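Visitor: model this:
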Amino acid sequence: MARQVDEVAREESRNMSELFREAFRTYRMERVRRRLQADLEYARIRNPKGYTEDDVERLVDDVRAKMHAKRKSSK
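Guide: Numbering: from 1, shown residues only. Coordinates of the predicted model:
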């Protein structure tokens, strides 16, 4: 692997530090991408009906209105 890194560094006229910094940035971005993908999958499983934020707001408003109407009618 060390020989391959040396070869790439020569081909690209770069030093080892530059190559390792770029490799680490790439690794870190891939790790973030995988974490986001896992979070999206979790969210998809937790929200099988595909509710949007607007849907949630509407549903909460509907429930609150029903609760308010129920309290008002029981007085």
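Visitor: confidence score at residue 27?
Guide: Residue 27 carries a pLDDT value of 98.
Visitor: burial of it, as a residue count?
Guide: Using other CB atoms under 10 Å, residue 27 is surrounded by 10 other residues. The C-beta positions use only the backbone N, C-alpha and C, and glycine is treated the same way.
Visitor: Pull out the buried residues from the helix or strand harbouring it.
Guide: Residue 27 belongs to helix 16-46 when assigned by DSSP states H and E. Within helix 16-46, no residue qualifies as buried by neighbour count (16 or more other CB atoms under 10 Å).
Visitor: Which secondary structure elements does it sit against?
Guide: helix 2-11 (3 or more CB pairs under 8 Å, 6 or more residues apart in numbering; DSSP states H and E).
Visitor: List the contacts of the helix it packs on.
Guide: 14, 15, 16, 18, 19 (CB atoms under 8 Å, 6 or more residues apart in numbering).
Visitor: Grab the CA positions of it and hand them over as CSV.
Guide: Extracted in CSV, the C-alpha atoms of helix 2-11 (Å, rounded to 0.1, in the frame of the first residue of the first chain):
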residue,chain,number,x,y,z
ALA,A,2,2.9,2.4,0.8
ARG,A,3,4.3,1.9,-2.7
GLN,A,4,0.9,2.6,-4.2
VAL,A,5,0.6,5.8,-2.2
ASP,A,6,4.1,6.9,-3.3
GLU,A,7,3.1,6.2,-6.9
VAL,A,8,-0.1,8.2,-6.7
ALA,A,9,1.7,11.1,-5.0
ARG,A,10,4.3,11.1,-7.8
GLU,A,11,1.7,10.9,-10.5
